[in-house]
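**Q** only geometry, no sequence info:
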């Protein structure tokens, strides 16, 4: 018997929450954005009327206003969004205890075991859930209903806003396979470029492609994507409240002023590497790779990644590896607007211990001292605030000390 999986996606979430306080703007084009007076004035979310003007998330405010001169801009209130997200997920748990959030505005629900309590009709149950979200919170959701998580997500994306889309096994050929391969979960730019070379344009093309050849091209990720496209994925929906280790940990920062020269770029990387290392230790993880993304003042991006051996959660090693990536791919005399450092290929910290035993006693002791030092810094930050201590080389700003958020710049976290 097939499972019954819902994917619930809150429509235009940030904008919809803001419009609860501004009902007079509901039918006007509205966007939630960063501070338009600073360098991180970008679109974070938009409502349906704004989408009609082709306003897009992550574009600059001036680009959006050029498309839509009458666009109404509202500031973001992230604490409010987290509050609504918790409330909506609590409602989902009234339908099943298998609720797995996927970001702040999306969740999977496995209703296989509770469907009979709601009449046994999956579409009717999804419609009822949409009605409850609307009546309780004034928000709308789109719901995809399918036999696995991947196709349920495709269903919620298929028709928006406030819609239910059911994808049964017999619907895969007509609904799923004609979709662009980029619509499939976790098909990023790198995979898209490879697929393009081999004539893979749709999800159906990917499902029909040789599975072993995909392993040669993309490793385990290629096999996973083939399973996604063919409908073979059987990944479970995690129980509500169960901790799910992150697949990556990253921090990005748009600097108040362009970084100029290697020393400033290296200092910016060190600042981000330190923050990523703190979060890795908080999760009890170490990384086997690091990724660096660089954005120039014209919003052109470049990214590179490298493997690390042994696995690490040390800021110094993350910073050194990311700086080496910058040296290899970037003209260090060119200005940098934003940087993102991401720890990838994560494993539990206790699994990394065996690999460290292969190194010499002196190396092992040195790493132990560094780990103890950075652990001590974590304790200081926990007691006095995240800004209490930072790399000496990091770009400084007095208002960033102690508990203050970074002024003029913006952080992004994975």
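**A** Great, that's in hand. Just so it is clear, the model here is predicted, and its values are computed rather than measured.
**Q** Would you mark the buried spots in stretch 138-154?
**A** By neighbour count on 16 or more other Cβ atoms under 10 Å, the buried set for stretch 138-154 is 139-154. (Each C-beta comes from the backbone N, C-alpha and C, glycine too.)
**Q** Find the pair from those residues with maximum spatial separation.
**A** 139 and 147 (26.9 Å; Cβ to Cβ).
**Q** can you list the weak-confidence ranges in the chain?
**A** Where the chain drops to pLDDT under 70, the residues are 35-40, 352-414.
**Q** what sits against residue 51?
**A** Residues near residue 51 by Cβ atoms under 8 Å, 6 or more residues apart in numbering: residue 12.
**Q** quick one on the thing from earlier: which one of the buried residues of stretch 138-154 is nearest to residue 222?
**A** residue 150 (15.1 Å).
**Q** That closest one: which element?
**A** helix 149-158 (DSSP states H and E).
**Q** Show me how far that helix is from its chain's centre.
**A** 17 Å (Cα atoms, centre = their mean, to the nearest Å).
**Q** Touching it from outside, list them.
**A** For helix 149-158, the surrounding residues in contact (Cβ under 8 Å, 6+ apart) are 5-9, 102, 106, 108, 141-146, 165-167, 172, 175-176, 179, 183-185, 228, 231, 233, 235, 237.
**Q** Swap in 6 Å and give it another go.
**A** 5, 7, 9, 108, 142-144, 146, 165, 167, 185, 228, 233, 235 (Cβ atoms under 6 Å, 6 or more residues apart in numbering).
**Q** And stretch 170-184, what's buried?
**A** For stretch 170-184, the neighbour count (16+ other Cβ under 10 Å) marks 172, 175-177, 179, 181, 184 as buried.
**Q** One more: stretch 22-42?
**A** 25, 29-34, 39-42.
**Q** Need the max-distance pair from those.
**A** So for those, where distance means Cβ to Cβ, the most widely separated pair is 25 and 39, at 26.2 Å.
**Q** Which secondary structure element is home to residue 292?
**A** For residue 292, the enclosing helix or strand under DSSP H and E is strand 285-295.
**Q** hang on, residue 350 in a helix?
**A** Yes - counting by DSSP: H, G, I helix; E, B strand; the rest coil, residue 350 is part of a helix.
**Q** What is the burial count for it?
**A** Residues near residue 350, counting by other Cβ atoms under 10 Å, number 9.
**Q** what number of residues lie near the residue nearest to it when sequence neighbours are not counted?
**A** Computed as Cβ to Cβ, 6 or more residues apart in numbering, the closest residue to residue 350 that is not its neighbour in sequence is residue 284, at 7.8 Å. Using other Cβ under 10 Å, residue 284 is surrounded by 12 other residues.
**Q** quick one: contacts for residue 184?
**A** 203, 228.
**Q** Just the buried residues of the helix or strand hosting residue 89, please?
**A** Secondary structure assignment for residue 89, by DSSP H and E: helix 78-92. Residues of helix 78-92 classed as buried under the neighbour-count rule (16+ other Cβ under 10 Å) are 81, 84-85, 88-89, 92.
**Q** neighbours around the nearest residue to residue 27 once chain neighbours are set aside, how many?
**A** Among residues not flanking residue 27 along the chain, residue 49 sits closest, at 6.4 Å (Cβ to Cβ, 6+ apart). A count of nearby residues for residue 49, using other Cβ under 10 Å, gives 19.
**Q** So what sits opposite the closest residue in space to residue 98 that isn't next to it in sequence in the bridge?
**A** Once flanking residues are discounted, residue 98 sits nearest to residue 110: 3.8 Å by Cβ to Cβ, 6+ apart. Using DSSP bridges, the bridge partners assigned to residue 110 are residue 5.
**Q** Correct me if wrong: residue 110 contacts residue 237.
**A** Yes - assessed by Cβ atoms under 6 Å, residue 110 is found in contact with residue 237 at 3.8 Å.
**Q** Look up the residues that both of those two are in contact with.
**A** Common contact partners of residue 110 and residue 237 (Cβ under 6 Å, 6+ apart): residue 98.
**Q** Touching, the residue nearest to residue 27 and residue 29? I think so.
**A** Yes - using Cβ under 6 Å, residue 49 makes contact with residue 29 at a distance of 4.3 Å.
**Q** picking up where we left off before, quick one: the buried residues of stretch 22-42 as a markdown table, columns for secondary structure and distance to residue 303 too.
**A** Formatted as a markdown table, the buried residues of stretch 22-42 follow (DSSP: H, G, I helix; E, B strand; the rest coil; distance: Cβ to Cβ, whole Å):
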| residue | secondary structure | distance to residue 303 |
| --- | --- | --- |
| 25 | helix | 37 |
| 29 | coil | 32 |
| 30 | strand | 32 |
| 31 | strand | 26 |
| 32 | strand | 26 |
| 33 | strand | 24 |
| 34 | coil | 22 |
| 39 | coil | 20 |
| 40 | coil | 19 |
| 41 | coil | 23 |
| 42 | strand | 18 |
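**Q** so which of these comes closest to residue 336?
**A** residue 39 (12.4 Å).
**Q** Strands of this protein, residue ranges please.
**A** Here the chain has its strands, by DSSP state E, at 5-10, 30-33, 43-46, 72-75, 99-101, 106-110, 141-146, 164-167, 249-259, 285-295, 301-312, 336-348, 410-413.
**Q** what sits against residue 237?
**A** Residue 237 is in contact with 98, 100, 108, 110, counting by Cβ under 6 Å, 6+ apart.
**Q** got the contact list for the third one?
**A** Shown in contact with residue 108 (Cβ under 6 Å, 6+ apart): 7, 100, 149, 237.
**Q** repeat for the first one
**A** When contacts are counted by Cβ under 6 Å, 6+ apart, residue 98 is found next to 110, 237, 239.
**Q** Reformat those as TSV; add distance to residue 325.
**A** Shown next, in TSV, are those (distance: Cβ to Cβ, whole Å):
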residue	distance to residue 325
110	40
237	36
239	38
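**Q** For residue 2, grab the count of nearby residues.
**A** Residue 2, neighbours per other Cβ under 10 Å, totals 10.
**Q** ok, it touching residue 145?
**A** No - with contacts counted by Cβ under 6 Å, residue 2 stays clear of residue 145, the gap being 11.1 Å.
**Q** how does the chain divide into domains?
**A** By the assignment in automatic domain parsing, the chain contains the domains 1-167, 177-230, 249-413.
**Q** Check the offset of the first one from the chain's centre.
**A** Read that as domain 1-167. 15 Å.
**Q** where's residue 280 relative to residue 238, distance?
**A** 21 Å (Cβ to Cβ, to the nearest Å).
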